[in-house]
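**Q** I would like the atomic coordinates for the input below:
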Amino acid sequence: MEIYLVGGAVRDTLLGIEVKEKDWVVVGSSQAQMIELGYKQVGSDFPVFLHPDSKEEYALARTERKSGLGHKGFSFNTKSNVTLEEDLKRRDLTINAIAQTVDGTFIDPFGGQKDIRNKVLRKVSRAFEEDPLRVLRVARFAAKLKYLDFSIDKNTLGDMKKLSLSGELDTLPKERIWQETFKSLKEKNPEIYFETLIESESFSSIEDIKNIDLAFFKKVCSKIDEPQMRWASLVLNTKYNLEVMNEIFGAPKKIRELARILGELAKFCRSHRNEVKAHEILAIIEKVDGIRRNKRFRKVLKILKAGEIFLAVGRDTFPWGSITKKLMTVKVSSNELKDKEIRKDLKLQRLKIIEDQLNKNG
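**A** Residues are numbered from 1 along each chain as shown. Reported below is the predicted structural model:
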């Protein structure tokens, strides 16, 4: 039984990037032996175990054979005679196919260290072409390592195009697509993720992805770090329907709602740059639930500011944040008021606050 550190931890060590988690591969063992040693099995498709103390993941070395369509269309062999090199060969990129022994020695049968030095993202073997998820993974690594000047190997990009045109991307579960997308949105250059998908002709039947304004998206992302807000900012590009993109990439309901509200406010801003009335401002704030859901509303305002399409009143920018903060403090002026009287009272107070702010801003 031999144990090796593999994957991202080895890659990031060689790149000088902070290692956030460690994955291990076990050669020459079996499911029964791992359990006997106190490891807890968690993998359903193939045996993955949690270390009894560190809780890090240990997987039995395995080989894969394509047996159907999609990301899960594989059969696995985890017998104890599977070698380390066979396990590494099934991985996506050479930079992810390097192992390290417990004494620190690197085992690199596919030239991953050379590709790190040359800043190249290169497939390990022909097995790359069997898994459509690898198109998204390579796009994610391109976004992750753009700041280090990594680029995709020409032949690897060609295989990505083949996978895209094969239709197998359509078999991927939406959760897996979103998982890779969400990780990419956390990176320093998330625009490269979409640029790579466009270049590899991923989702080529959908015109919307080709219409993303990558320069604008990059600018917004330079000002906001939150991946949910970065995705929502895509709604500011009016050249495509974000709902189509939401469906393709499996965006969660909460993020879709954030984007919808952003779209409503952006539309209002564009149509009220020169003149705006208090009742119009109150109407849009109430429409997007900006008082009751003020935390979400502030996120929307942050994205708007990053996109530089804030509502201008006169020569100054209208202070949405401060005005909604004041609106949140409004209370019923008398305990004797009932139903419609309460609503009318609150509305009049809120309109007065907005009018005062409009006058203050000229």
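
**Q** Show me where this protein has its strands.
**A** 2-6, 23-27, 40-41, 48-50, 57-60, 63-66, 74-77, 99-100, 106-107, 120-121, 151-152, 312-313, 316-317 (DSSP state E).

**Q** quick one: low-confidence ranges for this protein?
**A** 43-45, 66-75, 204-206, 309-317, 361-362 (pLDDT under 70).

**Q** Could I get the strands of the chain in JSON lines, plus columns for mean neighbour count and distance to Q357?
**A** Quick note: C-beta positions are derived from backbone N, CA and C, even for glycine. As requested, the strands of the chain are exported to JSON lines (neighbours: other Cβ atoms under 10 Å; distance: least, Cβ to Cβ, whole Å):
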{"stretch": "strand 2-6", "mean neighbour count": "19", "distance to Q357": "59"}
{"stretch": "strand 23-27", "mean neighbour count": "20", "distance to Q357": "54"}
{"stretch": "strand 40-41", "mean neighbour count": "12", "distance to Q357": "59"}
{"stretch": "strand 48-50", "mean neighbour count": "19", "distance to Q357": "56"}
{"stretch": "strand 57-60", "mean neighbour count": "21", "distance to Q357": "55"}
{"stretch": "strand 63-66", "mean neighbour count": "15", "distance to Q357": "63"}
{"stretch": "strand 74-77", "mean neighbour count": "16", "distance to Q357": "61"}
{"stretch": "strand 99-100", "mean neighbour count": "21", "distance to Q357": "61"}
{"stretch": "strand 106-107", "mean neighbour count": "16", "distance to Q357": "63"}
{"stretch": "strand 120-121", "mean neighbour count": "22", "distance to Q357": "52"}
{"stretch": "strand 151-152", "mean neighbour count": "18", "distance to Q357": "51"}
{"stretch": "strand 312-313", "mean neighbour count": "18", "distance to Q357": "9"}
{"stretch": "strand 316-317", "mean neighbour count": "11", "distance to Q357": "10"}
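
**Q** M245: which of the ones you listed is closest?
**A** strand 151-152 (22.7 Å; Cβ to Cβ).

**Q** by contact count, what packs against that closest one?
**A** strand 120-121, helix 133-144 (3 or more Cβ pairs under 8 Å, 6 or more residues apart in numbering; DSSP states H and E).

**Q** Nearest to V332, out of the ones you listed?
**A** Comparing the helices and strands packed on strand 151-152 by Cβ to Cβ, helix 133-144 comes nearest, at 50.9 Å.

**Q** correct me, but K186 touches P227?
**A** Yes: proximity of K186 to P227 meets the contact threshold set by Cβ atoms under 8 Å, at 5.1 Å.

**Q** Those two: which is more packed in?
**A** P227 (18 against 14; other Cβ atoms under 10 Å).

**Q** May I see the buried residues of stretch 349-357?
**A** 349-351, 353-354, 357 (16 or more other Cβ atoms under 10 Å).

**Q** again with stretch 125-134
**A** 127-134.

**Q** likewise stretch 31-42?
**A** 31, 34, 39.

**Q** okay if I get those as CSV plus distance to P52?
**A** Formatted as CSV, the buried residues of stretch 31-42 follow (distance: Cβ to Cβ, whole Å):
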residue, distance to P52
Q31, 15
M34, 10
Y39, 6
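
**Q** So which of those are in helices?
**A** 31, 34 (DSSP state H).

**Q** Relative to G28, how far out is Q41?
**A** Note on Q41: its distance to G28, by Cβ to Cβ, to the nearest Å, is 18 Å.

**Q** typo on my end, D149
**A** Counting by Cβ to Cβ, the gap from D149 to G28 is 39 Å.

**Q** Between those two, which has more neighbouring residues?
**A** The residue with more neighbours, out of D149 and G28, is G28; 16 against 7, by other Cβ under 10 Å.

**Q** Tell me, how many residues neighbour S222?
**A** Counted with other Cβ under 10 Å, S222 comes out at 12.

**Q** Going forward, the N-terminal residue is numbered 35.
**A** Yes, from this point I'll number from 35; that puts the last item at S256.

**Q** ok, residues contacting the longest helix belonging to the chain?
**A** For the chain, the helix with the greatest residue count under DSSP H is helix 373-394. Helix 373-394 is contacted from outside by 310, 312-313, 315-316, 347, 352-353, 356-357, 360-361, 364, 366-368, 371, using Cβ atoms under 8 Å, 6 or more residues apart in numbering.

**Q** Kindly give a single ChimeraX line that selects the buried subset of these.
**A** Selection of buried members from the contacts of helix 373-394 for ChimeraX, criterion 16+ other Cβ under 10 Å:
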select :310,312,315,316,347,352,353,357,360,361,364
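
**Q** Next step: the contacts of helix 373-394 restricted to helices.
**A** Using DSSP H, those in helices are 312-313, 315-316, 356-357, 360-361.
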